[in-house]
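Visitor: Okay, structure incoming, though there's no sequence with it:
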């Protein structure tokens, strides 16, 4: 089980702070509700500190956070690292000129967009999201950063649903998750 170190010198078990909600948003899906972790200020702080510590040696110059729950972690990490934050959003949500990357879903496609000036050429980018499932969204975010000349130095998640094999779409990139679910629980 994943642990993070807290200010008292103790270790906190993270997986127990995530609520599993069966049959949400549809039957057969077990939703990983992170609001329970976010509601624990000490745990949230320790996750951000541990995540920022892991990124500190990678020379990150920009955090690219994926809509929507990735914004929570991405914003906190960009603040902690004192680097700019870029946002990857669903089409039509950003107000200026964008570039788009589409990705496959089980039945159809979806897309992400970022502003054309969100990542500078030569940026060392950490892509951040709350959950790695099938990997399509993260792969699209990586491609967007690279289209703008960035180099992806980390792809990080709070939770990884390993049984969905999302890492296969991110081969060649450093992928790290705090909580890895080996089976649907």
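Guide: Arrived safely, thanks for sending. This is a predicted model, so every value here is computed, not measured.
Visitor: Give me the mean pLDDT for stretch 125-135.
Guide: Taken as a whole, stretch 125-135 has an average pLDDT of 96.
Visitor: from the middle of its chain, how far away would that stretch be?
Guide: Stretch 125-135 has its average C-alpha position 3 Å from the chain's average C-alpha position, going by Cα atoms, centre = their mean, to the nearest Å.
Visitor: where does the chain have low pLDDT?
Guide: Within the chain, the ranges that satisfy pLDDT under 70 run 1-12, 106, 185.
Visitor: Need the single longest strand in it, by residues.
Guide: In the chain, taking DSSP state E as the definition, the longest strand is strand 151-161.
Visitor: Name the residues of it that are buried.
Guide: 152, 153, 154, 155, 156, 157, 158, 159, 160, 161 (16 or more other Cβ atoms under 10 Å). Glycine gets a C-beta too; all of them are placed from N, C-alpha and C.
Visitor: Quickly run through the sheet partners of it, with directions.
Guide: Listed by DSSP bridges, the sheet partners of strand 151-161 and their directions read strand 124-132 (parallel), strand 175-181 (parallel).
Visitor: Return the most buried member of those strands.
Guide: For those, the largest average neighbour count (mean count of other Cβ atoms under 10 Å) is found in strand 124-132, namely a mean of 25.
Visitor: Name the next helix or strand downstream of it, please.
Guide: On the C-terminal side of strand 124-132, the closest following helix or strand by DSSP states H and E is helix 136-147.
Visitor: Does anything pack onto that next one? Which helices or strands?
Guide: Using 3 or more Cβ pairs under 8 Å, 6 or more residues apart in numbering; DSSP states H and E as the contact test, the elements touching helix 136-147 are strand 62-66, strand 85-88, strand 98-105, strand 108-115, strand 124-132, strand 151-161.
Visitor: between that helix and strand 108-115, how big is the angle?
Guide: An angle of 40 degrees separates the directions of helix 136-147 and strand 108-115 when computed by axes from the mean of the first three to the mean of the last three Cα atoms, to 10 degrees.
Visitor: Show me what helix 136-147 is in contact with.
Guide: Taking contacts as Cβ atoms under 8 Å, 6 or more residues apart in numbering, the residues outside helix 136-147 that touch it are 64, 66, 86, 88, 99, 101-105, 110-114, 119, 123, 125, 127, 129, 132, 152, 155, 157, 166, 169-170, 173.
Visitor: so what's the most centrally placed residue in the chain up against?
Guide: If you average the C-alpha coordinates of the chain and look for the closest C-alpha using Cα atoms, centre = their mean, you land on residue 129, 1.4 Å from that point. For residue 129, the contacting residues are 65, 66, 69, 70, 73, 137, 138, 141, 156, 157, by Cβ under 8 Å, 6+ apart.
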